[in-house]
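# kindly return the folded structure for what I paste below:
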Amino acid sequence: MSAYWLERAWVDGAVLDAVLVEVAGGRFTHVAPGVAAAEVPRATRLDGLTLPGLANAHSHAFHRALRGRTQRERGTFWTWREQMYDVAGRLTPDSYRELAAATFREMLAAGYTSVGEFHYLHHQPDGRPHDEPNAMRDALRDAAETAGIRLVLLDAAYLSSGFGAPPQGVQVRYSDGSAAAWAARAGSGPAAIHSVRAVPRDELHHFRGRHPLHVHLSEQVAENDACLAAYGLTPTGLLHAEGLLGPGTTVVHATHLTDEDVELLGSTRTNVCLTPTTERDLADGIGPARRLADAGCRISVGSDSHAVVDPLEELRGLEMHERLATQARGHFTATELLDIATAHDVLGLGDVGRIEVGARADLVTLDTTSPRTAGTGADEHTAVFAATAADVTHVVVDGRVVHRHGDEPAVGGALAGTIGRIWS
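Now for the predicted structure:
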């Protein structure tokens, strides 16, 4: 058993002082506020504000190698994609493992304790399977174990370069040829449809009943236009017609939606993952986060392309983007944003994201005395409207310490080394 004394902690929707938590078997066995530190001298003291573990609901680990490199010309989403394909063409199981481990360590240092890895880089550069068909997937699992992050691997089907056209170039690494072949390789468990452009309509039935199921949706206007031309439906309408919306499904981005799309997603209680730092980096647009939440969607966030890895900045992005779009303030409260930050349930993890007896013992501690956070109240507003990933000082996953203040140089060194080798 281990014990932590938390100066301040987010417990049951409120910031409480002097919280003692005890952990055994990776779960909280005791949570008690108002305990003087002197009464528990053997407990590890964590000063600052401690939150439950935060959920990264959407990640492409290999995109981390692109940070800072896609900004050197103005470009477009599509020129960014060509650079992403360049990285995808270079990776082997070994280099993928190394890059993912470093990226996962960066996530932990930022306060993410679970990650949904949207994985479509399956095969060799010429499209042939590896001797072990899931060598790239296994590399991700090894990387997560090495880093200490909780991984939900969303094995993604990617069969077409666009609405039935065959895969082109590096896309052959992504394709299993058919949804049946994808299912045979992927097996049971969490799954993903890359997008409605990448899986033809007559293959979508293979994904009914797969939960959790994640799908890129309406990130670009061009995707919507092509879907309407191919099927006479928006991407949301197509997924609904094929029986793929519902509380077991998470659509990612949902940037360009019609009023009917919003109503369909809300009425089916479909989850929506927004990635504000990626969406603004790629000039995707601003998704209707508040309208989706009001319609009944469970909202989550993710770091996606890792242009930024900072869950607190993703939360601020939700609110600040709404302010820019509406010229009004106050769309999400700090409490609502912390609920979004801890949406591990969209990854099929129902026992994470709360500091309570029986939940998995994840803790993320923020420095409330830094130049960013000092004088801000050391409460939930400090977390979502002042702090950044740089203020994370201590992270626990399943009762195990996975990041401490002072680990940052090692995290940066690992990233620099692996990314340098990929580009060399």
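
# which stretches of this protein have low pLDDT?
Across the chain, nothing is flagged by pLDDT under 70.

# how about residues contacting the host helix or strand of residue 422?
Using DSSP states H and E, residue 422 sits in helix 408-423. Contacts with helix 408-423, where a contact means C-beta atoms under 8 Å, 6 or more residues apart in numbering, come from 64-65, 87, 90-91, 95, 98-99, 101-103, 105-106, 109. Heads up, the C-betas are built off the backbone N, CA and C, glycines and all.

# please redo it, this time with the cut-off set to 6 Å
65, 90, 95, 98-99, 102, 105-106, 109 (C-beta atoms under 6 Å, 6 or more residues apart in numbering).

# swap in stretch 261-279?
57-58, 234, 236, 240, 245-247, 249-252, 254, 287, 289, 291-292, 295-302, 304-305, 307-308, 313-314, 317-318, 321, 346.

# please parse the chain into its domains.
2-52+353-411, 54-347 (automatic domain parsing).

# report the buried members of the contacts of stretch 261-279.
Neighbour counting over those (16 or more other C-beta atoms under 10 Å) leaves 57-58, 234, 236, 240, 245, 247, 249-252, 254, 287, 289, 291-292, 295, 297-302, 304-305, 307-308, 313-314, 317-318, 321, 346 as the buried ones.

# show me the residues you listed that map onto helices.
Taking DSSP state H, the ones among those that sit in helices are 236, 240, 289, 291-292, 295, 313-314, 317-318, 321.

# now render the residues you listed as TSV, adding distance to residue 77.
Below are these laid out as TSV (distance: C-beta to C-beta, whole Å):
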residue	distance to residue 77
236	20
240	25
289	20
291	23
292	22
295	26
313	21
314	19
317	18
318	21
321	17
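
# all strands for the stretch 301-424 of the chain, in order.
363-366, 392-397, 400-404 (DSSP state E, counting those that start in this stretch).

# okay, strands next: where are they in the stretch 1-150 of the chain?
Under DSSP E, counting those that start in this stretch, the stretch 1-150 of the chain gives strands at 2-11, 14-24, 27-32, 44-51, 54-59, 112-119, 150-157.

# burial measure for the residue nearest to residue 295 when sequence neighbours are not counted, as a count.
Leaving aside its sequence neighbours, residue 295 sits nearest to residue 266 (C-beta to C-beta, 6 or more residues apart in numbering; 2.5 Å). Burial of residue 266 is recorded as 17 neighbouring residues (other C-beta atoms under 10 Å).

# residues of the helix or strand hosting residue 266 that come out buried?
For residue 266, the host element (DSSP H and E) is helix 259-267. By 16+ other C-beta under 10 Å, the buried positions in helix 259-267 come out as 261-262, 264-266.

# mind naming the longest helix for this protein?
The chain, longest helix under DSSP H: helix 93-110.

# and that one with helix 408-423, angle?
150 degrees (axes from the mean of the first three to the mean of the last three C-alpha atoms, to 10 degrees).

# what packs against helix 93-110?
helix 135-147, strand 400-404, helix 408-423 (3 or more C-beta pairs under 6 Å, 6 or more residues apart in numbering; DSSP states H and E).

# contacts for it, please.
Applying C-beta under 6 Å, 6+ apart, the external contacts of helix 93-110 come out as 56, 61, 64, 115, 135-136, 139-140, 142-144, 146-147, 149, 309-310, 389, 395, 402-403, 411, 414-415, 418, 422.

# please redo it, this time with the cut-off set to 7 Å
Contacts with helix 93-110, where a contact means C-beta atoms under 7 Å, 6 or more residues apart in numbering, come from 56, 61-62, 64-65, 115, 130, 135-136, 139-140, 142-144, 146-149, 303, 306, 309-311, 389, 392, 395, 402-403, 407-408, 411, 414-415, 418-419, 421-422.

# quick revisit: alpha carbons of the helix holding residue 266, as PDB, please.
Written as PDB, here are the backbone C-alpha positions of helix 259-267 (Å, rounded to 0.1, in the frame of the first residue of the first chain):
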ATOM      1  CA  ASP A 259     -27.800  21.600 -37.900                       C
ATOM      2  CA  GLU A 260     -29.100  18.100 -38.800                       C
ATOM      3  CA  ASP A 261     -25.700  16.600 -38.100                       C
ATOM      4  CA  VAL A 262     -25.600  18.100 -34.700                       C
ATOM      5  CA  GLU A 263     -29.100  16.800 -33.900                       C
ATOM      6  CA  LEU A 264     -28.200  13.300 -35.100                       C
ATOM      7  CA  LEU A 265     -25.000  13.200 -33.100                       C
ATOM      8  CA  GLY A 266     -26.800  14.500 -30.000                       C
ATOM      9  CA  SER A 267     -29.900  12.400 -30.200                       C
END
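
# which is the next helix or strand following it?
Downstream of helix 259-267 (by DSSP H and E), the next one is strand 271-274.

# can you list the strands that that following strand pairs with?
strand 249-253 (parallel), strand 299-301 (parallel) (DSSP bridges).

# need the winner for burial among the domains of the chain.
Of all the domains of the chain, domain 54-347 carries the top mean neighbour count, a mean of 20, counting by mean count of other C-beta atoms under 10 Å.

# that one spans what distance, first to last residue?
12 Å (C-alpha to C-alpha, to the nearest Å).

# how far off centre is it?
Centroid separation between domain 54-347 and its chain, computed with C-alpha atoms, centre = their mean, to the nearest Å, is 8 Å.

# start at 49 instead
OK, 49 is where the count begins now, so the last one is domain 102-395.

# how about the strands paired with strand 319-322 in JSON lines, adding distance to residue 389?
Output for the strands paired with strand 319-322, formatted as JSON lines (distance: least, C-beta to C-beta, whole Å):
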{"stretch": "strand 297-301", "distance to residue 389": "15"}
{"stretch": "strand 347-349", "distance to residue 389": "7"}
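
# closest to residue 69 out of these?
Nearest of these to residue 69, taken as C-beta to C-beta: strand 347-349 at 24.6 Å.

# other residues contacting the closest one?
So strand 347-349 is in contact with 103, 105, 298, 319-323, 337, 340-341, 359, 362-363, 366, 388-389, 391, 394, going by C-beta under 7 Å, 6+ apart.
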